[in-house]
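Participant: Below is the sequence, then the predicted model.
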Amino acid sequence: MNDKANPPKKGSVERKDRLAEALRANLQKRKAQTRSRRAGDADKQRARDADRISEGLPAAGKMHKD
């Protein structure tokens, strides 16, 4: 038998590096989201987003049936 270990392929090393970088970026993004939620910033952002979405639609409470 051959006792020598097969060297990793160049592509697999680059892929692992890209995946590791993507995981780090995702972790940083999630940490920032958690910090903003703790600070209450996410609630303000959701309220702004809801205002933008509902601008073109009539509010349910203001609709009248004839």
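Facilitator: Thanks, I have it.

Participant: Any stretches of the protein with poor pLDDT?
Facilitator: Per-residue confidence for the chain (pLDDT under 70) gives these ranges: 1-4, 6-9, 41-43, 52-66.

Participant: Show me the helices in it, by range?
Facilitator: Secondary structure of the chain (DSSP state H): helices at 10-39, 41-54.

Participant: Adding mean neighbour count as columns, could you present the ones you listed in CSV?
Facilitator: C-beta: built from backbone N, CA, C; applies to glycine. Formatted as CSV, the helices of the chain follow (neighbours: other C-beta atoms under 10 Å):
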stretch, mean neighbour count
helix 10-39, 10
helix 41-54, 11
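
Participant: where's residue 31 relative to residue 46, distance?
Facilitator: According to C-beta to C-beta, to the nearest Å, residue 31 and residue 46 sit 19 Å apart.

Participant: what do you get for residue 23?
Facilitator: On the measure of C-beta to C-beta, residue 23 and residue 46 end up 27 Å apart.

Participant: Next: residue 27.
Facilitator: 23 Å.

Participant: just residue 11 next, same as before
Facilitator: 42 Å.

Participant: cool, residue 24 as well?
Facilitator: Taken as C-beta to C-beta, the span from residue 24 to residue 46 is 27 Å.

Participant: go on, residue 29?
Facilitator: On the measure of C-beta to C-beta, residue 29 and residue 46 end up 17 Å apart.

Participant: Over to residue 33?
Facilitator: 12 Å.

Participant: Kindly report the same for residue 35.
Facilitator: 16 Å.

Participant: And for residue 25?
Facilitator: Applying C-beta to C-beta to residue 25 and residue 46 gives a distance of 23 Å.

Participant: Kind regards, and thank you for your time.
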